[in-house]
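Asker: here is a sequence together with a model predicted from it:
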Amino acid sequence: MHVLLTAGPTYEPLDPVRFLGNRSTGKMGYALAEAFAAAGAQVTLVSGPSQLPDPASPRIRTVRVETAAEMFAAAEKVAAEADVWVFAAAVADYRPAQVASEKIKKSGETLTLELVKNVDIAATLGQRKRAEQFAVGFALETTNELAHAEGKLRRKNFDLVVLNSLRDAGAGFGHDTNKVTVLDATGQIVNFELQSKADVARGLVSLILARRPSSPPSL
């Protein structure tokens, strides 16, 4: 089994020293990569900027990228051959319309930036997903969590969506623990109470392996 897994943030450059980003560390995605490898899968880990070292498992190939466009290009290269897609990265929705070639100097009381939309990696690849492929997305929400997660599941052709809420103490960015709710297209919900991200990852991998279609018999 080959797993395509995205992790970490993306950084969208503004000038040579500044960028737009978010607080993702990549911990959940890296834990998932390790859990899939431990279950016997070959993993392509497409990682945005992260302080975490490359996973040591020989079953994991790490591809380092910075921007959303670079993450999409790396994911697109392996998506067709992967059996399972897991989109755990916190991809920037927008990027600066113009990237300054030199550091932007302080001038005036305000600075106005024009932002343009990035490619939606999961949604774009989701349009190409074959029936035997299994796609899992992540949703980090602060309001109307279940409704937003359900909408993302349907728009992006996910089989499962993993919901994080920033309302939950010890969950989300930067923590070594997590608490998630998993939804599927039939409305079934599985809750994972607060535990280490490694334990959450093992539970999610078990759930994914149990839910994904069986491989067709070889001829």
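Answerer: Arrived safely. Numbers count the residues shown, from 1 in each chain.
Asker: the helices in this structure, which residues?
Answerer: Secondary structure of the chain (DSSP state H): helices at 27-38, 68-79, 121-126, 145-155, 197-211.
Asker: ranking the ones you listed by burial, who's on top?
Answerer: Most buried of those, by mean neighbour count (mean count of other CB atoms under 10 Å): helix 27-38, with a mean of 24. Placement of C-beta: from N, CA and C, glycine included.
Asker: quick one: mean pLDDT over that one.
Answerer: For helix 27-38, mean pLDDT is 98.
Asker: what of stretch 53-71?
Answerer: Summarised as a single mean, pLDDT over stretch 53-71 is 98.
Asker: end to end on it, go ahead and measure it.
Answerer: End-to-end distance for stretch 53-71: 18 Å, by CA to CA, to the nearest Å.
Asker: re earlier: need the helices of the chain in a markdown table with distance to S107, can you?
Answerer: Listed next are the helices of the chain as a markdown table, based on distance: least, CB to CB, whole Å:
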| stretch | distance to S107 |
| --- | --- |
| helix 27-38 | 38 |
| helix 68-79 | 29 |
| helix 121-126 | 35 |
| helix 145-155 | 38 |
| helix 197-211 | 43 |
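Asker: out of the ones you listed, flag the one nearest Q98.
Answerer: helix 68-79 (15.1 Å; CB to CB).
Asker: tell me what that closest one is packed against?
Answerer: strand 2-7, strand 42-47, helix 121-126 (3 or more CB pairs under 8 Å, 6 or more residues apart in numbering; DSSP states H and E).
Asker: what lies in contact with that helix?
Answerer: The contact list for helix 68-79 (CB atoms under 8 Å, 6 or more residues apart in numbering) reads 2, 4, 6, 10, 12, 44, 46, 48, 63, 65, 85, 89, 91-92, 95, 118-119, 121, 124-125, 128.
Asker: tell me the angle it makes with strand 2-7.
Answerer: 170 degrees (axes from the mean of the first three to the mean of the last three CA atoms, to 10 degrees).
Asker: so helix 68-79 versus strand 42-47, what angle?
Answerer: Using the same axes, to 10 degrees: helix 68-79 against strand 42-47 is 170 degrees.
Asker: in the chain, which residue is closest to the centre?
Answerer: Centroid-nearest residue in the chain, with CA atoms, centre = their mean: A88, separated by 2.0 Å.
Asker: go ahead and confirm it touches M28.
Answerer: Yes: assessed by CB atoms under 8 Å, A88 is found in contact with M28 at 5.7 Å.
Asker: need the residues touching each of these two.
Answerer: Joint contacts of A88 and M28 (CB under 8 Å, 6+ apart) are A7, F138.
Asker: the helices of the chain: which one's closest to S165?
Answerer: When those are compared (using CB to CB), the closest one is helix 145-155, at 5.0 Å.
Asker: poorly predicted segments of the chain, please.
Answerer: Where the chain drops to pLDDT under 70, the residues are 214-219.
Asker: and the helices of the chain: which comes nearest I189?
Answerer: Set against I189 and scored by CB to CB, the helices of the chain come closest in helix 145-155, at 8.3 Å.
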